[in-house]
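Asker: Below is the structure, and that's it, no one-letter string:
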C-alpha cells in the first residue's frame, strides 16, 4: 500500500505519506464551499484563483484525480474541476463562468428555502451514541491557537491565556456544577476518553458552558512542527465520533460523548 497525500502544507498527514503531491493554496485554485461556518441560510460559494501558484506546475487534487481517471480510460463525466464547479453551481440555481469578480460583487446568487430541522432528531441521535451517559464534547475553534493544517505561530503563543494552555497541557472548560458533579476543581489534571481515543487536559471553570458539556479547543496537539508548538496541548479531533442522522443527513459529530478519568 502506498499512501499519497495532496496538501499545501507539510503537516502530520504529509509526514506519514509515501508520496506528497503539492497542491495550490486557497487563493491559487478554484474551489467551493457549502454552508460556511456561521452562515444561517443554505449557501453555496465558488471562488476562482486570483494569483499564480507559488509551486510551479502545481495542480489541484480534483484535477489530478480527473487526469488519472482519463489515463485509466474511466469517464467521470468531467474534464476539469472547473467543469465540476460549473455543474454544481447550475444545480444550485446559479451560473459560474470562472472569472474573477470584484469583492462584494457576486456574479450570481441562488436562493432556496431553509431545510426543516427538528432539534429532537439530533437529541435522539446523541442518545444513541455509545457512552451517551458521559459529558457532551463541544470543540472550539480559535485561530490564534492554530488549525488542523497550520500550527500556532511562535508569537501567537503569547496570545494564549494561562487558563487555555499551561506548559504542554491545554485546558478544557466546564461550569462549576458539572465540575462539582465530577468531583473536579480548577486546574485539575484529567483524561477525556471515549471509544475513539483520549486526551489529557486540565480543567478551567467557566460558567458560559452548559451543564453536562465540556468545551475543548481545536488546533493544538501538533506533533510535527517546531520547537515552539510541538507537543503543546492535544488533538481534540481524536475524540470526535462521526455520526450521520438517517432522517436529515446532518452530521452530528460535534455531539461526541466523553468520560472523565
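Answerer: On my side now, so go ahead. Since the model is a prediction, treat every value here as computed from it, not as a measurement. Numbers count the residues shown, from 1 in each chain.

Asker: from here on, contacts and neighbour counts on C-alpha atoms
Answerer: Noted.

Asker: At which residues are the strands of the stretch 101-250 of the chain located?
Answerer: Here the stretch 101-250 of the chain has its strands, by DSSP state E, counting those that start in this stretch, at 135-140, 165-166, 169-174, 189-193, 198-205, 213-217.

Asker: in stretch 9-27, what counts as buried?
Answerer: 9-11, 13-14, 20-26 (16 or more other CA atoms under 10 Å).

Asker: can you list contacts of it?
Answerer: 2-8, 48-51, 53-55, 58-61, 149-150, 222-225 (CA atoms under 8 Å, 6 or more residues apart in numbering).

Asker: lowest average confidence, helix or strand, in the chain?
Answerer: Lowest on mean pLDDT, DSSP states H and E among the helices and strands of the chain sits helix 119-127, with a mean of 57.

Asker: hang on, the earlier thing: in strands, which of the buried residues of stretch 9-27 appear?
Answerer: Judged by DSSP state E, the buried residues of stretch 9-27 include 20-22 as members of strands.

Asker: Just the ones in helices from the contacts of stretch 9-27, please.
Answerer: The helices, defined by DSSP state H, take in residue 61 from the contacts of stretch 9-27.

Asker: Nearest the geometric middle of the chain, what residue?
Answerer: Centroid-nearest residue in the chain, with CA atoms, centre = their mean: residue 148, separated by 7.0 Å.

Asker: what about the residue lying closest to that one once chain neighbours are set aside, how many residues close to it?
Answerer: Leaving aside its sequence neighbours, residue 148 sits nearest to residue 219 (CA to CA, 6 or more residues apart in numbering; 5.3 Å). When counting by other CA atoms under 10 Å, one arrives at 25 neighbours for residue 219.

Asker: Pretty sure residue 196 sits against residue 238.
Answerer: Yes. Contact between residue 196 and residue 238 holds when scored by CA atoms under 8 Å: they sit 6.1 Å apart.

Asker: Any regions of the chain where pLDDT drops low?
Answerer: Under the criterion pLDDT under 70, the flagged ranges of the chain are 35-40, 42, 95-133, 225, 242-255.

Asker: cutoff 50 now
Answerer: Counting by pLDDT under 50, the chain contains low-confidence residues at 102-103, 130-132.

Asker: per the record, what domains does it have?
Answerer: Annotated domains of the chain cover 4-91, 119-260 [automatic domain parsing].

Asker: Tell me which of the ones you listed is the most buried.
Answerer: Of all the domains of the chain, domain 119-260 carries the top mean neighbour count, a mean of 17, counting by mean count of other CA atoms under 10 Å.

Asker: which residues touch the residue nearest to the centre of the chain?
Answerer: 218-220.

Asker: Repeat the analysis, applying 10 Å as the threshold.
Answerer: Residues counted as contacts of residue 148 (CA atoms under 10 Å, 6 or more residues apart in numbering) are 11-12, 141, 218-222, 235, 237.

Asker: now residue 64
Answerer: For residue 64, the contact set (CA under 10 Å, 6+ apart) comprises 6, 21, 23, 58, 70, 80-81.
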